[in-house]
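Q: sequence unavailable; structure follows:
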């Protein structure tokens, strides 16, 4: 019986997760659920390397292009939406493929997070939102060093949520974030490319984003919304915003995107390698073999 099975395809940015997942989903009667904290936003297409129209027509994708960039999308919302879609796909007798590089999202599903519940103080939240990411991290480290070691340090909203909980409840956020046995039978497949190959892919994808119109897309977003939106605190958009503000020229912005993407990929791998249940592969045939055995 495959009605509680879940396959996860993960790995660093630009490693080829989407292409691999589509091929596997086509072969094994699956649908894809995105575990990407930015692809969920509408209008942010080029900078988030969303699947193309041909790819979404080939295989049904979930949690892509769902909400506006000015919506404060939380981890709790992701958990609820992802679980609903996993169960819906399973009920249809199909195989759900959870695909992405946001380690926190994947961990939340794999480890069945029970997030800490606490009061909300809008005044406190507003004060925290006025702080820089660096200030938030330093403040959290002062109050709750345990959480600092485990939290996604690149996500200001996550830092703010943790600080809110610690300040209001006088308890460690990490220590009160419970994990439970998963309701799913899970296979995790991670793509581990050699560093030179991954760097080459990052270089190519960044150049393609520029050619596809990343500058125009970024300008349109900041004209419609605001360049301080948390959703735009994303590699690709941030560097182009610097360019549009005349802080750097376009070539410098492109170089910064490549540098920051390589750094982000290393952080992703550091996160993923903590989970010894992940099956690391370099070639498509290895993933195919793992999936075939898992579903049998």
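A: All right, it came through fine. The model shown is predicted, which means the values in this text are computed figures rather than measured ones.
Q: give the buried residues for the longest helix anywhere in the chain.
A: Scanning the chain for the helix with the most residues, using DSSP state H, yields helix 250-272. Residues of helix 250-272 classed as buried by neighbour count (16 or more other CB atoms under 10 Å): 253-254, 256-258, 260-262, 264-265, 268-269, 271-272. In short, each C-beta sits where N, CA and C put it, glycine included.
Q: now stretch 108-128
A: 108-110, 112-113, 115-116, 118, 128.
Q: also stretch 224-240?
A: 227, 229-240.
Q: so which of these are in helices?
A: In this view, the buried residues of stretch 224-240 that belong to helices under DSSP H are 237-240.
Q: how about the helices in this structure?
A: In the chain, helices defined by DSSP H lie at 17-27, 53-58, 75-91, 103-110, 122-129, 133-143, 145-148, 156-169, 195-212, 214-224, 237-244, 250-272, 284-295, listed in chain order.
Q: got the domain ranges for this structure?
A: According to automatic domain parsing, the chain comprises the domains 5-114+179-193+269-295, 122-176, 195-267.
Q: just the ones you listed: most buried one?
A: domain 5-114+179-193+269-295 (a mean of 18; mean count of other CB atoms under 10 Å).
Q: what distance separates the start and the end of that domain?
A: Using CA to CA, to the nearest Å, the end-to-end distance of domain 5-114+179-193+269-295 comes out at 8 Å.
Q: got it, and stretch 218-236?
A: Per CA to CA, the first residue of stretch 218-236 is 9 Å away from its last.
Q: going forward can the numbers begin at 737, since that is how I track them
A: Understood, numbering begins at 737; the last thing we discussed is stretch 954-972.
Q: low-confidence ranges, the chain, go.
A: 737-738, 854 (pLDDT under 70).
Q: re earlier: could the buried residues of stretch 844-864 go into a markdown table alongside distance to residue 878?
A: Output for those, formatted as a markdown table (distance: CB to CB, whole Å):
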| residue | distance to residue 878 |
| --- | --- |
| 844 | 26 |
| 845 | 31 |
| 846 | 30 |
| 848 | 30 |
| 849 | 25 |
| 851 | 23 |
| 852 | 19 |
| 854 | 19 |
| 864 | 14 |
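Q: which of those lies closest to residue 910?
A: Ranked by distance to residue 910 (CB to CB), the buried residues of stretch 844-864 are led by residue 852 at 9.0 Å.
Q: what residues does the residue nearest to that closest one when sequence neighbours are not counted make contact with?
A: Closest residue to residue 852 apart from its sequence neighbours, by CB to CB, 6 or more residues apart in numbering: residue 912 at 4.2 Å. Contact partners of residue 912, counting by CB atoms under 8 Å, 6 or more residues apart in numbering, are 852, 901, 905.
Q: ditto for residue 919
A: So residue 919 contacts 740, 848 (CB under 8 Å, 6+ apart).
Q: try 7 Å this time
A: Contact analysis of residue 919 by CB atoms under 7 Å, 6 or more residues apart in numbering lists residue 740.
Q: hmm, residue 865 is touching residue 896, no?
A: Yes - assessed by CB atoms under 7 Å, residue 865 is found in contact with residue 896 at 6.4 Å.
Q: re earlier: out of the helices of the chain, which is closest to residue 774?
A: helix 973-980 (9.0 Å).
Q: one step back: dump the contacts of residue 912 into a markdown table; add distance to residue 936 as well.
A: Listed next are the contacts of residue 912 as a markdown table, based on distance: CB to CB, whole Å:
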| residue | distance to residue 936 |
| --- | --- |
| 852 | 41 |
| 901 | 42 |
| 905 | 47 |
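Q: quick check, nearest of the buried residues of stretch 960-976 to residue 828?
A: Of all the buried residues of stretch 960-976, the one with the least separation from residue 828 (CB to CB) is residue 967, at 31.1 Å.
Q: my guess is the closest one contacts residue 778. True?
A: No - counting by CB under 7 Å, residue 967 does not reach residue 778; the two are 10.1 Å apart.
Q: which residues do these two both contact?
A: Residues touching both residue 967 and residue 778 by CB under 7 Å, 6+ apart: residue 805.
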